[in-house]
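Undergrad: test case, fold it:
(2 chains)
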There are 2 protein chains.
Amino acid sequence: MWQISVYLSSRGNSIRQNQGILQEGFIQYAMDKHHQTDNPDGIVNLGTSENKLCYDLLHKRLTKPDMLHVEPSLLQYADWTGHAFLREEVAKFLSHHCCSPKPLRADNVVVMNGCGSLFSCIAAVICDPKDAILIPTPFYGVITEDVHLYSDVKLFHVPLDCEADGKESRHFHLTVEKLEAGLKKAKREGWNIRALILMNPHNPLAELYTPKEMIAFLEFAKRNELHAIVDEVYMLTVFDESVTFHSVLSIESLPDPQRTHVMWGMSKDFAMAGIRIGTLYTVNTDLVEALAQLGSFHGLPGTLQHQVAQLLRDRDWINNEFLPENRRRLKNAHSLLTRELQSLGIPFLDRPAALYVWADLRKYLSKSSFEEELSLWRCFLKHKVLLSCGQAFSCSTPGWFRIVFADQQPQLQLGQFHKLFLFVCFFKNILILIVLKHLGHCSKSSDQLKERDSPVPDTGLLGAEEFLLLDCQESKPTEGLDSLIGTLRHQIHSSDWLEKNTPVLSHGEDPEILDVFKSLLQRAKK
Amino acid sequence: MWQISVYLSSRGNSIRQNQGILQEGFIQYAMDKHHQTDNPDGIVNLGTSENKLCYDLLHKRLTKPDMLHVEPSLLQYADWTGHAFLREEVAKFLSHHCCSPKPLRADNVVVMNGCGSLFSCIAAVICDPKDAILIPTPFYGVITEDVHLYSDVKLFHVPLDCEADGKESRHFHLTVEKLEAGLKKAKREGWNIRALILMNPHNPLAELYTPKEMIAFLEFAKRNELHAIVDEVYMLTVFDESVTFHSVLSIESLPDPQRTHVMWGMSKDFAMAGIRIGTLYTVNTDLVEALAQLGSFHGLPGTLQHQVAQLLRDRDWINNEFLPENRRRLKNAHSLLTRELQSLGIPFLDRPAALYVWADLRKYLSKSSFEEELSLWRCFLKHKVLLSCGQAFSCSTPGWFRIVFADQQPQLQLGQFHKLFLFVCFFKNILILIVLKHLGHCSKSSDQLKERDSPVPDTGLLGAEEFLLLDCQESKPTEGLDSLIGTLRHQIHSSDWLEKNTPVLSHGEDPEILDVFKSLLQRAKK
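TA: Numbers count the residues shown, from 1 in each chain, chains lettered A, B, ... in the order given. All right, here's what the predicted structure looks like:
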């Protein structure tokens, strides 16, 4: 796919080629963003974890006159861990929202341009090259690059099984036993494990961990002299008032405070990923000093630091305007998506936090493999819906997808999503054939395939069942697919979505398939 | 000085301890900044290369209503090489100010949070760990950390001798021959040299290179398949209208365009180091792609990108307000400092660009060593003047200092500087004695020294000559020092600067020396 560049070093070539699935999807999205009027047929992004629900609130606040402040010190070189006035506001803010037993101290705060930068820096200073950090899977996949690209640190995966395995268990259940087993395995394989990454609320599971659970994880870290990097960037997204998030900063007596480092940022909780604010709270002054050395690479504009401090000190706006309204909107959007998933019979983890839902699309894979998962993901993307598939999060079971619900046009987009689902499910079988033909992966000879496949548009069309059968010669028939065909049939006969949506399909790059599809649908309508 | 931290890796410890002289000085300054009313006895910073002359102009422009603009895309994840609208403005701006033969293209622009970030990224992708980059010395010392901390790349020094060595030569003359010799030496020592760093206008020399010279350097790079990283961050600081700066982007036909990468930023030319804008122009798409992968660590807030684009597209303000006035003020400040240096008999490179002057303080070193240079630097700092000494720029000859003139209160500060100079020069000899005593470096026994030295405040004071003689037992008498003593005498007898300035001295931490000094001066006044 990529040619080695003579202009780059080995490391440079490897950095250049290091394009994960999340990034691939985002790049395609960036080139063809959906816009209600300007680009209605563009890609709908349910893949990138962004909160697009509160732009109106943010715009109102961020254009108030207090944001337009310039003074000499803001235009000059400053403390690379952040201006003191900003670190003070962050400390106060976290003291309040994390319910810390004592006021948090500004000296323990490091502010950088995003949590990715913090991950990179922390990896650089607590690990040597080729060291590793323990992380339960699935996890927000970008952390792999965050700790690797510059700092050459590997994430050692602790796979969480998707199935609950006992009375007190749950899906993707994180336990100390699993961490212990993971660490043991890592040591057996010769890895030098320096830290453990924990996320609460979790990305992509949206799981909330109790203080008891978190303390147990932190005790595990302490026993093994591991740093615990606790990522709490979704802490204010909990949208169910009956549920309380517990920050590790609320813990009265941390097991190993010198090795416990808490990350927070404004990308998720304040719906401003483009503003690049990541913060770290740690009482470890050695770490702060080391991070300060790398801070010049991750610095923030002085004037922006002023704006962020203004925002954080505006308690009235945060507590009485932004947060309640944001929660309300998140809750609604979450309901909308989860109702949709329920109506499609798609299982998912129902959690009261974050901007996404972790959904089980396993039944739409004709076989349980990551190739299949990727092909389903590509099929969505080709037809203008960007999701995030489980392998992008190193999930150990294929077929799980992260679906972001925090979009400002939920109805349109979920409609699109619904439509796509039906389309993809119906369509998958044709695609599989075409793909198999091209790759020569089919057990039939390519000639046989050609005979059966390429003449389709000319010689009259196969019905859905026939395609299903064709496909099933290669893989087990799935109950899910059957029921989907049923749903599709029902939709086709009971609504006009086909007529309305056919034009969308013509933007795909596969005119042959489009013809097949159109003919198939015409026949089905008869 | 630093204890090894058990919480950090070897790399982390080394990063934490990596505190250069520039940084040490800046940290002290940051804790005790001079302020005319709030902290009149604080440290005057003539060490950090910042332009503090134009705050009024910047304030006026940066608080105009067009700066306060928010739209959804600015709050969301975006292209890590910079928003397209910003890259377009940068391309237009550079096309104009660099006089490019054809319009420069936005696709070839990468914007990051500062040129330090760009150096770090470029080193990461064109070098492998332990590779090296050729750089003539002296050079802006922070680049050492920029390419090393994350990317583990070394700078291989090509020392430029401070003396002109021929008819067409000049001080610190960069020639292709020196580059060839440097490269040869590096190869002999087994270094894998991947690039050459050039600075124009130079930091700290303020040297301007002609297109002919630059082309010769670029031809050298091409012959040796080296990337040429050309740092032009001071390009708009040329304050003499009769002199023209020539960007390599103005060259009709670059020797090796795929390996020529031009850096520019707003820290120096727009006097806003705190705003963190560094730009790269390169036609090498492989490099741009690789840098984009690291861009997430060096991203800029979307709203700030808007502000910067607004500024760059305001040609009227730039060309008719900011640049002419900035040049005028730079010119005045430069004159003020250079006149002062002339009156003190201090040689310096007289160049019509940049924010600093490269000055030759060799005559104030009692011997030519970097220890002496450092002790002179510390003496300045102790007495509240921060300068940058040559070793911070890897200068091969001790005794050169970079003195920043672009300060908003030049008279006050240069007055302070002048005063300090006399103080330091006069004083240096006592200091040397004290230091020698403490270190036991003196050829005399410490008892003898004690006899001669410590009773000084009690038993009547030695004259300046006597101190000079004492010192000269250890090192050759310097003509410069003699003439300085003369100047000092003259000052003492012809003005009241001593009375006016004595209180400043009492802030030093050496009451014993202060007493000696006061008594000495009293005697000199007789």
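
Undergrad: residues of the stretch 301-450 of chain A that sit close to chain B?
TA: Neighbours of chain B within the stretch 301-450 of chain A, by C-beta under 8 Å from any C-beta of the partner chain: A:301-304, A:307, A:408. C-beta: built from backbone N, CA, C; applies to glycine.

Undergrad: in helices only, show me these.
TA: A:302-304, A:307 (DSSP state H).

Undergrad: tell me which element A:Lys187 is part of?
TA: helix A:176-188 (DSSP states H and E).

Undergrad: measure how buried A:Arg194 is and give me the count.
TA: As a burial measure, A:Arg194 scores 23 neighbours (other C-beta atoms under 10 Å in any protein chain shown).

Undergrad: what's the answer for A:Val243, then?
TA: By other C-beta under 10 Å, the burial measure for A:Val243, its neighbour count, is 11.

Undergrad: same check, this time on the one 3 residues further on
TA: Residues lying near A:His246 (other C-beta under 10 Å) number 20.

Undergrad: what's the pLDDT at it?
TA: On pLDDT, A:His246 comes in at 98.

Undergrad: let me see the contact set for A:Gly47.
TA: By C-beta atoms under 8 Å, 6 or more residues apart in numbering or on different chains, the contact list for A:Gly47 reads A:22, A:25-26, A:29, A:386-388, A:402, A:404.

Undergrad: once you drop chain neighbours, what's closest to it?
TA: Leaving aside its chain neighbours, A:Gly47 sits nearest to A:Leu386 (3.8 Å; criterion: C-beta to C-beta, 6 or more residues apart in numbering or on different chains).

Undergrad: straight-line length of stretch A:189-196, end to end?
TA: 17 Å (C-alpha to C-alpha, to the nearest Å).

Undergrad: show me what contacts A:Gln76?
TA: By C-beta under 8 Å, 6+ apart, the contact set of A:Gln76 is A:302, B:50, B:52, B:273-274.

Undergrad: would you mind listing what in the stretch 151-300 of chain A touches chain B?
TA: A:151, A:194, A:227, A:258-259, A:271-276, A:284, A:286-287, A:289-290, A:293-294, A:296-300.

Undergrad: mind redoing it with 6 Å?
TA: A:272-276, A:284, A:286, A:289-290, A:293, A:296-297, A:299 (C-beta under 6 Å from any C-beta of the partner chain).

Undergrad: three-state assignment of A:His157?
TA: With DSSP: H, G, I helix; E, B strand; the rest coil as the basis, A:His157 sits in strand.

Undergrad: show me what it bridges to in the sheet.
TA: A:Ile135 (DSSP bridges).

Undergrad: report the contact partners of the residue in the stretch 351-500 of chain A that chain B sits nearest to.
TA: Per C-beta to the nearest C-beta, A:Gln408 is where the stretch 351-500 of chain A lies closest to chain B, at 8.0 Å. Contact analysis of A:Gln408 by C-beta atoms under 6 Å, 6 or more residues apart in numbering or on different chains lists A:52-53.

Undergrad: now the strands: where do they sit in the stretch 301-450 of chain A?
TA: A:356-360, A:385-386, A:388-389, A:400-404 (DSSP state E, counting those that start in this stretch).

Undergrad: dump the residue contacts of the nearest residue to A:Leu341 once chain neighbours are set aside.
TA: In this structure, A:Leu341 finds its nearest non-sequential neighbour in A:Phe348, 5.2 Å apart by C-beta to C-beta, 6+ apart. By C-beta under 6 Å, 6+ apart, A:Phe348 lies in contact with A:341, A:357, A:359.

Undergrad: and A:Pro40, how many neighbours?
TA: Quick note: A:Pro40 (other C-beta under 10 Å) scores 11 neighbours.

Undergrad: what's the burial count for the nearest residue to it once chain neighbours are set aside?
TA: The shortest distance from A:Pro40 to any residue other than its chain neighbours is 7.1 Å, reached at A:His34 (C-beta to C-beta, 6+ apart). A total of 21 residues lie near A:His34 under the criterion other C-beta under 10 Å.

Undergrad: contact partners for A:Asp56?
TA: By C-beta under 6 Å, 6+ apart, the contact set of A:Asp56 is empty.

Undergrad: ok, back up a step: export the strands of the stretch 301-450 of chain A to CSV and append columns for mean neighbour count.
TA: Below are those laid out as CSV (neighbours: other C-beta atoms under 10 Å in any protein chain shown):
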stretch, mean neighbour count
strand A:356-360, 24
strand A:385-386, 24
strand A:388-389, 27
strand A:400-404, 26
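
Undergrad: lovely, talk soon.
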